[in-house]
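Novice: Fold the following for me, if possible:
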Amino acid sequence: MALDVGSKRIGIAVADPSASCALPVGTVTRTNRRDDLAAIQSYLESYAVDELVVGDPLTLRGERGIAAQAMDEFVERLRAIYSGTIHRVDERMTTAQATKSLIAADVSRRKRRDVVDAMAAALILESFLARRRNAAQR
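Specialist: Numbers count the residues shown, from 1 in each chain. Below you'll find the model as predicted:
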């Protein structure tokens, strides 16, 4: 499962059983830390997650800035509800890429807002799965 954690919403995606593709499955509207983690935990349990992939918000120069430091804290909170492996994946431009795809598909602005974060999570997971496949082929 992958998370695209934003200030207003958390996009969620899962891989198919063969780990060949990622599917956007939902979005959690952020309210408070406890409720956010409870909603994520519900997805973790529903999908019997083996590994968790979290988008790492690096700067455009690839450096760790304030957003990445905030994500470090969020990942530490995730460890309180999830004992499995948590991977961090560079998420630069995933939301922009997801938005472009939705615009190209002529999805309305309102509907885009509802699905863009889950699609960004799917892109983060696709990136992770592709890297894993490439490493296995070497």
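
Novice: And the next helix or strand past the helix or strand bottoming out on mean pLDDT in the chain?
Specialist: Per-element confidence for the chain was summarised using mean pLDDT, DSSP states H and E. The lowest value among helices and strands belongs to helix 94-104, with a mean of 69. Past helix 94-104, heading to the C-terminal end, the next element that is a helix or strand (DSSP states H and E) is helix 109-137.

Novice: which residues touch residue 118?
Specialist: Contact criterion Cβ atoms under 8 Å, 6 or more residues apart in numbering gives 4, 11-13, 24-27 as the residues in contact with residue 118. C-beta: built from backbone N, CA, C; applies to glycine.

Novice: rerun that using 6 Å as the cut-off
Specialist: Residue 118 makes contact with 11-12, 24, 26-27 under the criterion Cβ atoms under 6 Å, 6 or more residues apart in numbering.

Novice: how long is stretch 104-114 from one end to the other?
Specialist: 16 Å (Cα to Cα, to the nearest Å).

Novice: sorry, that was for stretch 75-87
Specialist: One end of stretch 75-87 sits 10 Å from the other (Cα to Cα).

Novice: now do stretch 46-54
Specialist: Between where stretch 46-54 begins and where it ends, there is a gap of 18 Å, by Cα to Cα.
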